[in-house]
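Novice: Take a look and give me a structure for this.
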Amino acid sequence: MLHGLPLGVKDMIDTADMPTTHNSPIYQGLRQGRDAACVGVARGEGAVILGKTDTVEFAAAGRRADHRAAPRRRRAPRWRRPAGTGNQPGLIRPWHIACIAIRATSKRASTMVSPLRVSPTKLRRRATLLGLAATFAMPALPRAQARVLYINSQGGPWELAARKHLFDPFTAKTGIEIRTAPGVSFAKLAVQARTRVYEFDIATVGAPSVVQGMNENLLEPVDFSLFNRSAVPAELVFEHGVGNHAYGTNIAFNTTKFPAGSITNWRDFWDVRRFPGSRSLGRTLSQTIVFALLADGVPKDKLYPIDLDRAFRSLDRIKQHVRVWWSTGPQTRQLLGDGEIDMGSVWHAHGTALRNSGAPIELVWNEFTMDRTYWIVSRGTPRAGFAWEFINFALEPERNAGFCIDGFYGPLNPRAFDFITPAQAEAMPTNPKYAPHAVEFDGRRMGDVMTQASRRFERWLQQ
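Specialist: Predicted structure coming up:
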């Protein structure tokens, strides 16, 4: 409980209501319009964000010009400058006491705010009074638990569709606010399960990731006392996840660099002699391993059991031509849209949105992986009740259909198609005309090798 506790955050961390300048003239006045995940968590627990603490330019080591402070004739010796204040003596630093208090008071906040070991006597008089006034005001503030749910967001079309059809209507109905956090990873899930400090409560992941999470005890089992069994067909319910939608991961390439229709499969993608240029592949290994095996000539009906040695030998051939190993959908959209890469794997919704915006991009509907995506709940979250209430709401057929139409996804619940026209189904990976060219996952068999593959991949990237 952080109700009323004053807090300052470094000027490298986004806040919705104030600029994030990185202490650089390049970003003066920049407002991102949304809170970083750690700021959202702090606000959700009742903390009062009073302002930004200073940092060296871009938080880089060494001396940097302070673009916000007035010139000074003489700098104080380093030993007399408060710890954590960098090279910026011209800024007010009112929040150090609050940061220390949060460190001592809240396990959640201790992961977000580093301890600032500074004596109150070294703070400006005005700053000290402001911090103490806010601290003494704490007992008068309400202690009710915030009704907030943190959901991992894939960004781009996913978040726009979810905000319109799921998040905002759910908040209007229940009063539970939805806040988003970017970039799901199993490292984050593992840390959350161990520390009980949650950046997000809910995420959507593919079937192999559900199995991996089950194997490592990172997920809450489906709570059937809260989840409506009839919401979706029985085959869409794992022990620890509930099916929501399907998405494709496709080849996309720049048609100003290569003729339309010239790249048709992963063997072409791997062929750097016929198709020279920069490439991008994802860190989602359940997909990238499959692409590597297909490029090496493995038929799509012979992918299992996964031959990791063969997959990594195939990746060895393409490694030096991969400029970026991406981790989020908007990242691929920017890489392709800006022409930083000539071809790449891309989640089909981002490829479709990019093409619809007029970019010279071709999306290849051959040898694309079909991922069935599941809602999961992070193990131990104190908001599990809110989470299952939201998942029930999100799986209502009409809401699921609206989300899939605007996000270019394919619903897994057959009842959602009652609200989808044939024209709308055209851009969905579940469209029957794409079925012969799709590569279906064996979620359990892929999930069983994911932990080994992930560790090997991280070592391989450093070689």
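Novice: Let me see the mean pLDDT of stretch 262-280.
Specialist: Across stretch 262-280, the average pLDDT comes to 97.
Novice: show me what contacts residue 155?
Specialist: Counting by Cβ atoms under 8 Å, 6 or more residues apart in numbering, residue 155 touches 182, 328, 329, 330. Bear in mind the C-beta positions are built from the backbone N, C-alpha and C, glycine included.
Novice: how's this protein carved up into domains?
Specialist: According to automatic domain parsing, the chain comprises the domains 6-140, 148-246+372-439, 247-369+446-462.
Novice: returning to what we had before: which of the contacts of residue 155 scores worst on pLDDT?
Specialist: Lowest in pLDDT among these is residue 182, which has 78.
Novice: Please tell me how far the closest residue to residue 228 other than its chain neighbours sits from residue 408.
Specialist: The shortest distance from residue 228 to any non-neighbouring residue, by Cβ to Cβ, 6 or more residues apart in numbering, is to residue 392 (5.1 Å). Remark: distance between residue 392 and residue 408 (Cβ to Cβ, to the nearest Å) = 24 Å.
Novice: which one of these two has more residues nearby?
Specialist: Ranked by neighbour count (other Cβ atoms under 10 Å), residue 392 and residue 408 place residue 408 first, with 24 against 15.
Novice: Check the gap between the more buried one and residue 351 for me.
Specialist: Per Cβ to Cβ, residue 408 is found 9 Å from residue 351.
Novice: Tell me the bridge partners for residue 253.
Specialist: residue 343, residue 362 (DSSP bridges).
Novice: quick one: contacts for it?
Specialist: Shown in contact with residue 253 (Cβ under 8 Å, 6+ apart): 263, 342, 343, 344, 361, 362, 364.
Novice: Residue 370 now?
Specialist: Applying Cβ under 8 Å, 6+ apart to residue 370 gives the contacts 246, 248, 429, 430, 438, 439, 440, 441.
Novice: ok, 10 Å please
Specialist: 206, 246-249, 348, 410, 429-430, 434-435, 437-441 (Cβ atoms under 10 Å, 6 or more residues apart in numbering).
Novice: So which of those is the closest to residue 304?
Specialist: Distance ranking of these against residue 304, using Cβ to Cβ, places residue 441 first at 9.5 Å.
Novice: Can you give me the pLDDT of the closest one?
Specialist: If you check residue 441, the pLDDT there is 80.
Novice: cool, and residue 352?
Specialist: As predicted, residue 352 sits at a pLDDT of 87.
Novice: picking up where we left off before, would you list the contacts of residue 155 in CSV and tack on secondary structure and neighbour count?
Specialist: Converted to CSV, the contacts of residue 155 look like this (DSSP: H, G, I helix; E, B strand; the rest coil; neighbours: other Cβ atoms under 10 Å):
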residue, secondary structure, neighbour count
182, strand, 17
328, coil, 20
329, helix, 24
330, helix, 20
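Novice: Report the backbone C-alpha coordinates of the helix or strand containing the residue nearest to residue 228 in CSV.
Specialist: In the assignment (DSSP states H and E), residue 392 maps to helix 384-394. Extracted C-alpha coordinates of helix 384-394, given in CSV (Å, rounded to 0.1, in the frame of the first residue of the first chain):
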residue,chain,number,x,y,z
ALA,A,384,-6.3,-13.2,-10.2
GLY,A,385,-10.0,-12.7,-9.5
PHE,A,386,-10.1,-9.6,-11.7
ALA,A,387,-8.1,-11.5,-14.3
TRP,A,388,-10.6,-14.3,-14.7
GLU,A,389,-13.5,-11.8,-14.7
PHE,A,390,-11.8,-10.0,-17.6
ILE,A,391,-11.1,-13.2,-19.5
ASN,A,392,-14.8,-14.2,-19.2
PHE,A,393,-15.8,-10.8,-20.6
ALA,A,394,-13.2,-10.9,-23.4
